[in-house]
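In: Structure of the sequence below:
(one chain, ligands or ions: 1)
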Amino acid sequence: MNRTPIESVQALEGIPRIAAYFIGRIPGLPLALERPEAMTLLAPQHQRILEQEGLENFPLVTAEQIHGKEIAIVTGATTSAIRGMDALITCTRGLTLGIYIADCAPVWIVARDGSAGALVHSGKKGTELGIVPLAIEKLLKVTDLDCQDLSVVIGPCIRPPCYEIDFGARIQEQARECGVLEIHNSALCTACHPELYYSYRREKGLTGRMLATLTLIP
Ligand SMILES: [Zn+2]
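Out: Numbers count the residues shown, from 1 in each chain. Take a look at the predicted model:
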C-alpha cells in the first residue's frame, strides 16, 4: 500500500492559520530524469496531494531557484516561477509558497502569531551567500515583527557523512546569529533515506524534487 508522502511540519503546527507541508518521494513514480521532465510528471501529483490537504484554492507560487540570494515579496498569484529568486516572503493570505528540494535545505521562517512567513531554498551556495539571514532581515523589515517573534525550521537536506559540508548546521547558526530563539533543525539526511526522499547527489542528478510549502490560511 502506498502511503501519501506528505508531512505537516510539526514544529509549526501550533501557529494559528498556518499550513506548512513537506511532500517527499512519490512511491511508484519513475523519475530518473532530468529536472524539466521530472517536474512535468511531478506537478500534477503535487497538485493532487495539496488538494487532499484542502489547499486547492490557494495558488501555488514558486521561485526559479538559481542558488542565489534574491528574495521576492509575494502579494498575489503568479503565472510562472518567479525569476531569479531563491526565497519567497508573504504576508498575504490564501497563497501557497512552494520551494523544490533535492538535497538543498528548505527553510521555513514563520511569525509565531501566524501573520507572515518565508520559505527559503538554501543549499551549499545559498548558505554561503547567507540567504536565510537575508530573508529574516527582509521579513522583519516588511513587518513589525522582532526576531524573537519568529520560528525557523530547517527541513531534510543532505548532511555529513553523505556530503562534505554541513550547511544544515550552518543555517542553524546563521538563524541564531540573527537573534532567532526558536530554531528546529530536522537533522534528517535526504541521501540516507531513498525510500522517503529524492537526492540529487545520490541519484547523480537524475531524480525528482520534494516540495516544501507554506500557506497563510485566510
Ligand atoms: Zn546521509
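In: Contacts only, for residue 94.
Out: Taking CB atoms under 8 Å, 6 or more residues apart in numbering, we find residue 94 in contact with 57, 58, 215, 216, 217, 218. (C-beta placed from N, C-alpha, C; glycine too.)
In: buried subset of those?
Out: Buried by 16 or more other CB atoms under 10 Å: 58, 215, 216, out of the contacts of residue 94.
In: The second one contacts residue 98, doesn't it?
Out: The reference is to residue 215. No: because the distance of 9.6 Å does not satisfy CB atoms under 8 Å, residue 215 is recorded as not touching residue 98.
In: Within range of the ion, give me the residues from the protein.
Out: 162, 189, 191, 192 (CB under 5 Å from the ion).
In: can you give me the helices for this structure?
Out: Applying DSSP state H to the chain gives helices spanning 35-52, 124-129, 131-142, 167-177.
In: helices and strands around the second one, which ones?
Out: Taking 3 or more CB pairs under 8 Å, 6 or more residues apart in numbering; DSSP states H and E as the contact definition, the neighbouring helices and strands of helix 124-129 are helix 167-177.
In: what comes up buried for the helix it packs on?
Out: Neighbour-count burial for helix 167-177, with 16+ other CB under 10 Å as criterion, is recorded at 167, 168, 170, 171, 172, 174, 175.
In: Surely the first one touches residue 103?
Out: The reference is to residue 167. No: Residue 167 is not in contact with residue 103 according to CB under 8 Å; the separation is 9.8 Å.
In: so what sits against both of those two?
Out: Common neighbours of residue 167 and residue 103 (criterion: CB under 8 Å, 6+ apart): 123, 157.
In: So residue 175 sits against residue 132, correct?
Out: Yes: using CB under 8 Å, residue 175 is in contact with residue 132, at 6.2 Å.
In: so how far is residue 143 from the spatially closest residue to residue 73 that is not a sequence neighbour?
Out: Of all residues beyond its chain neighbours, the one nearest residue 73 is residue 89 (5.2 Å), with distances taken as CB to CB, 6 or more residues apart in numbering. Taking CB to CB, to the nearest Å as the criterion, residue 89 is separated from residue 143 by 9 Å.
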